[in-house]
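Q: Here is the input, now give the coordinates:
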Amino acid sequence: MSKLSLAAIAFVVALSGATSAQSADARGACKADYDKFCAGIAPGGGIVACLNGKRDQLSTTCKAALDSRKKK
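A: Reported below is the predicted structural model:
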């Protein structure tokens, strides 16, 4: 399995605490930010923590998706 496939799987798993629709929204909202700031994070390595650590640099839509995930 390629590193990109593993990273994509990790991203899905990291956001799996949200409902299915919310999870899809969060993946879409944070995809560019993930690619830019956290692409090197291995599965199980804390992708959400990585994104939160770069919060001041994230897009507004990704921040909102992360915030809505915390409310659940």
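
Q: Tell me how many other residues surround Asn52.
A: Residues near Asn52, counting by other CB atoms under 10 Å, number 13. The C-beta positions use only the backbone N, C-alpha and C, and glycine is treated the same way.

Q: for Gln57, same thing?
A: 11.

Q: How about it, nearest residue that isn't a chain neighbour?
A: Of all residues not flanking Gln57 in the chain, Phe37 sits nearest, at 6.6 Å (CB to CB, 6 or more residues apart in numbering).

Q: Same check on Asn52?
A: Nearest non-adjacent residue to Asn52 (CB to CB, 6+ apart): Leu66, at 6.5 Å.

Q: Return the residues in contact with the one you found.
A: Ala26, Cys30, Val48, Leu51, Asn52, Arg55, Leu58 (CB atoms under 8 Å, 6 or more residues apart in numbering).

Q: The closest residue to Thr61 other than its chain neighbours is in what secondary structure piece?
A: Spatially, and ignoring its direct neighbours in sequence, Thr61 is nearest to Ala29 (4.2 Å; CB to CB, 6+ apart). Using DSSP states H and E, Ala29 sits within helix 20-33.
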